[in-house]
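J.: what's the 3D shape of this:
(one chain, ligands or ions: 1)
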Amino acid sequence: MRQIQMVDTKTQYLNIKSEVDAAIQEVLDSAAYINGKPVQQFAESLSEYVGCKYTIPCANGTDALQIAMMALGLQPGDEVITPSFTYIATTEVVALLRLKPVFAEVDPKTFCIDPASVRKLITPKTKAIVPVHLYGHAAPMEEIMTTAKEFNLFVIEDNAQAIGCTYTFSDGTKKKTGSIGHIGCTSFYPSKNLGAYGDGGAMFTNDEALAEILRMTANHGQNRRYYHDIVGCNSRLDSIQAAILNIKLKKLDSYNAARQSVADFYNKAFAGNEHIATPYVAPFCDHVYHQYTMIVAPEKRDGLVAYLAEKKIPSMIYYPVPGHKQKVFKFLSSDITSLETTDWLTDRVVSLPIHTEFEEEQLEFIASAVLNYFNQ
Ligand SMILES: *Cc1c(COP(=O)(O)O)cnc(C)c1O
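T.: Prediction:
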């Protein structure tokens, strides 16, 4: 049996090695390392895949979020509502731009932003909502978009963990996450569902004028070389990463299907076990399982992690400290309301290995180790 890893990027690479190696060699031969043909090709294919008009590639997912907030013209002091239960990148860029992060509560079943909590936090200073499609499960976009419309707010989707996830509206319309808000942001960090072999990110929008500002912001505020109209930054996806992503985008649906079958395997193995709450899937979305995250009793969780580690099975807590408890956001503490569900989840979540390259034997080994721990 191969050694079990949270994400097996090496085996995945070996399975597509000849294709990837040839594509990288082609970029090397072209010497167009920046803005080469693969970058444009990738942006076009990704627009088609996600179902949006414009895709603007950039250097990473954190930059995508930052550039989105810059392009929307948000000003220091403007309030941006985000979940506290997310990766730091979502909230960090808010603070970096001197905007004010306002932490919303999440739904205990979907782990995603709770629209009722969002509504309570809206003030005259609120300018944007950043729902996060956490672990590969969609945030409740229909309600978020309705609220945003009512209060005239921008919606920036943090789709770093959910590329390929489909959202179904109550009238039956289907859209991919990332294409629903004013801007969608994603990351191609190697462990993400669509991972490069280095850093990468992208922004999605259907608004032509906004697309132009996003593109300029990512390119030193210029659309004509050396003529700088707005304050921008330097954030590019390089040609080698784009060439790799062109190959992997074609496989994304099968990769997501592979993740779903791993989740099915775990779900079946743990079904009916009183100690384990397996991931919930809301009727409005399919789940692309960036993570397979269970809820267990807090007094059992560290023991489970240690027990699995003894058997060389990695597991992770995403995330051990929620935003509203991070030292970096201490300056906001007088404004932070208590987030009971976020705290409750933080004490109970644990994620098992999930990726596209499992051997059946590995999955059986993980599932029986988890069950043995709770039965001992
Ligand atoms: C990975 C991630 C990001 C940031 O992406 P990078 O490419 O690492 O900058 C942002 N938000 C979430 C939820 C993520 O998981």
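J.: Can you show me the strands along the stretch 1-150 of the chain?
T.: 54-58, 79-83, 100-104, 126-129 (DSSP state E, counting those that start in this stretch).
J.: I'd like those laid out as a markdown table, including mean pLDDT.
T.: Formatted as a markdown table, the entries for the strands of the stretch 1-150 of the chain read as follows, by pLDDT from 0 to 100:
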| stretch | mean pLDDT |
| --- | --- |
| strand 54-58 | 98 |
| strand 79-83 | 98 |
| strand 100-104 | 96 |
| strand 126-129 | 98 |
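J.: which bits of the stretch 101-250 of the chain sit near the ligand?
T.: Neighbours of the ligand within the stretch 101-250 of the chain, by Cβ under 6 Å from any ligand atom: Val132, Asp158, Ala160, Gln161, Ser187, Tyr189, Asp199, Gly201. In this view, the C-beta of every residue, glycine as well, is placed from N, C-alpha and C.
J.: if I read this right, the second one contacts Ala128, doesn't it?
T.: No - Asp158 sits out of contact with Ala128 when judged by Cβ atoms under 8 Å, with a separation of 11.6 Å.
J.: So those two - more neighbours on which side?
T.: Asp158 (32 against 23; other Cβ atoms under 10 Å).
J.: Please name the bridge partners of that one.
T.: Beta-bridge partners for Asp158, by DSSP bridges, are Val132, Cys185.
J.: what sits against it?
T.: Gly61, Leu65, Thr82, Thr86, Ala89, Thr90, Val130, Pro131, Val132, His133, Cys185 (Cβ atoms under 8 Å, 6 or more residues apart in numbering).
J.: Provide the contact partners of stretch 242-253 at residue level.
T.: Applying Cβ under 8 Å, 6+ apart, the set of residues contacting stretch 242-253 from outside is 16, 19-20, 23-24, 26-27, 36, 38-39, 41-42, 45-46, 49, 57, 163-164, 188, 193-197, 200, 237, 255.
J.: Kindly report the same for stretch 276-287.
T.: With Cβ under 8 Å, 6+ apart as the contact definition, stretch 276-287 has outside contacts at 109-110, 135-138, 140-142, 165-169, 177, 260, 263, 266-267, 270-271, 289, 292-296, 370, 374.
J.: and the residues you listed, which are buried?
T.: 110, 135-138, 140-142, 165-168, 177, 260, 263, 266, 270, 289, 292-296, 370, 374 (16 or more other Cβ atoms under 10 Å).
J.: In helices, which of these appear?
T.: Met141, Glu142, Gln260, Ala263, Tyr266, Phe270, Val370, Phe374 (DSSP state H).
J.: Which one of the residues you listed is nearest to Ala148?
T.: Within those, proximity to Ala148 (Cβ to Cβ) peaks at Met141, which comes in at 9.8 Å.
J.: can you pull the contacts of the closest one?
T.: Counted by Cβ under 8 Å, 6+ apart, Met141 has contacts Pro131, Glu157, Tyr167, Thr177, Ile180, Gly181, Phe284.
J.: Next up, identify which helix or strand Pro283 is on.
T.: Counting by DSSP states H and E, there is no helix or strand that carries Pro283.
J.: so what pLDDT did the residue of the stretch 201-350 of the chain at minimum distance from the ligand get?
T.: Nearest residue of the stretch 201-350 of the chain to the ligand, counting by Cβ to the nearest ligand atom: Gly201, 5.1 Å away. Looking at Gly201, its pLDDT reads 98.
J.: in the sheet, who's paired with it?
T.: Cys58, Ser187.
J.: State the number of residues packed around it.
T.: Applying other Cβ under 10 Å, we find 27 residues neighbouring Gly201.
J.: before we move on, the earlier item: any chance of the contacts of Asp158 in JSON lines, plus neighbour count?
T.: Compiled in JSON lines, the contacts of Asp158 are given as follows (neighbours: other Cβ atoms under 10 Å):
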{"residue": "Gly61", "neighbour count": "27"}
{"residue": "Leu65", "neighbour count": "31"}
{"residue": "Thr82", "neighbour count": "25"}
{"residue": "Thr86", "neighbour count": "26"}
{"residue": "Ala89", "neighbour count": "20"}
{"residue": "Thr90", "neighbour count": "26"}
{"residue": "Val130", "neighbour count": "29"}
{"residue": "Pro131", "neighbour count": "31"}
{"residue": "Val132", "neighbour count": "27"}
{"residue": "His133", "neighbour count": "31"}
{"residue": "Cys185", "neighbour count": "30"}
